[in-house]
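> have a look at this prediction, sequence included:
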Amino acid sequence: GLPCCAGGTYSGGYDEGCGGVVVATGGKSYPGTGSTGDGYSLAAQAGHTVTELKPSLVPLEAHEGFCSQLMGLSLRNVAIRVEDTEKYRTVYEDFGEMLFTHFGVSGPMILSASSHMRDMKSDKYVIHIDLKPALSHEQLDKRVVKDFTENANKDYVNSLGLLLPRKLIPVIAKLSGIKTSTKTNQITREQRAGLVDLLKDFKVTVTGFRPIEEAIVTSGGVKVSEVDPKTMKSKLVPNLAFAGEVLDVDAYTGGFNLQIAWSTAYSAAVAASGI
C-alpha cells in the first residue's frame, strides 16, 4: 500500500491516524535532491493515470561537430527559430541568450525551446540562429562590405573580428566555404551573400534531449483532469491530493514552475486542513 502521513499504509482507505495524503514528491529531474519519481508509482497504485514522462527545460544534443569546438561560448541578443522538419513548421521562436556545450546547446532560450519538442527524433528539429537579428540582410551586407573594405588586404579569416566572437570565427569561416587565406578584396559578391545568409541562418540540428536527470523539470505526470484544480484533491480517491511537479503541469524558465509548486501546495494544504 501507499505510506500514510501518520505511519500507516494506504490501500483504498485511511487508518484513523491519517486524515489524508498529499503526494508532493516532485518529478524525476534532479534525483540528487531526492526527487526520483516515486510519486508517479504511488499515483498509479491509487488508480490515477500517469502521462508519459519526458525531460523538459533540458539542454539539447546536436549533430554538428562544431558545437564542441564552440564549447563555453555564450551568444547574447540572438534570435532562434525551431523548425519541425517533418511537419515543415516553426514550433518555437525567441530572442535572448544561448550557450554552446561539448554535447550541443543550452541556455535560457534552448531550455524553453525544448518544452516544444514533442516526439523527439534525431534530426527532426533544426534550430535556426540569427546571429545579427537587429540587421536586415541588406543592412548586414553593407556592414560586411564596410568591414571588408577596411581590411582589404587582410586574409578573410582575419577580417571578421568586429563582426563575430573570436571563438565563432573559424567555424563561420569554414561553413561559408570561403578559403580562410582569401584576401577580402578578392571575395565575390556571391560569396559575400552566402556569408550573410549564414550569419542570418546559422543551423544546429538536434539529435535528442540530454538525460532527464539533467532537466530542470519533468514533463508529464498525474493527469490533471483527474484532479480538482481548486483543491488539488483526487477525483478518484477520497482525501488524496497532489501538489507540484508530480502533476502533469510544466512551464518555461523564470520561476513559473516554482509558482506552480507553491500554488498547488497551498491549495492542497488548505483543503487538507479543512480551512
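Great, that's in hand.
> rest of the way, CA atoms for contacts and neighbours
Fine.
> may I see the buried residues of the host helix or strand of residue 42?
Per DSSP states H and E, residue 42 falls inside helix 38-45. Judged by neighbour count (16 or more other C-alpha atoms under 10 Å), helix 38-45 contains these buried residues: 38, 39, 40, 42, 43.
> what of stretch 216-227?
Buried residues in stretch 216-227, counting neighbours by 16+ other C-alpha under 10 Å, are found at 216, 217, 218, 219, 220, 221, 222, 223, 224, 227.
> inside strands: which ones of those residues?
217, 218, 219 (DSSP state E).
> residues contacting the closest residue to the second one other than its chain neighbours?
With C-alpha to C-alpha, 6 or more residues apart in numbering as the measure, residue 55 is the residue that lies nearest to residue 218, at 5.0 Å, once sequence neighbours are left out. With contact set as C-alpha atoms under 8 Å, 6 or more residues apart in numbering, residue 55 has these partners: 29, 209, 210, 211, 212, 213, 215, 216, 217, 218, 219.
> got it, and residue 91?
Going by C-alpha under 8 Å, 6+ apart, residue 91 touches 81, 82, 83, 84, 116, 117.
> isn't there a strand covering it?
Yes - with the criterion set as DSSP: H, G, I helix; E, B strand; the rest coil, the secondary structure at residue 91 is a strand.
> how much space separates it from residue 168?
In this view, residue 91 and residue 168 are 26 Å apart by C-alpha to C-alpha, to the nearest Å.
> same thing with residue 47?
Separation of residue 47 from residue 168 (C-alpha to C-alpha) stands at 53 Å.
> returning to what we had before: show me which of the buried residues of stretch 216-227 is closest to residue 235.
Relative to residue 235, the closest of the buried residues of stretch 216-227 is residue 227; by C-alpha to C-alpha it sits at 5.4 Å.
> tell me how many other residues surround residue 119.
As a burial measure, residue 119 scores 7 neighbours (other C-alpha atoms under 10 Å).
> so where's the stretch 101-250 of the chain shaky on pLDDT?
Within the stretch 101-250 of the chain, no stretch has pLDDT under 70.
> returning to that earlier point: top of the contacts of residue 91 by neighbour count?
Comparing those by number of neighbours (other C-alpha under 10 Å), residue 82 comes first, having 25 neighbours.
> did I read that right, that one in a helix?
No - Residue 82: not assigned to a helix; according to three-state DSSP it is strand.
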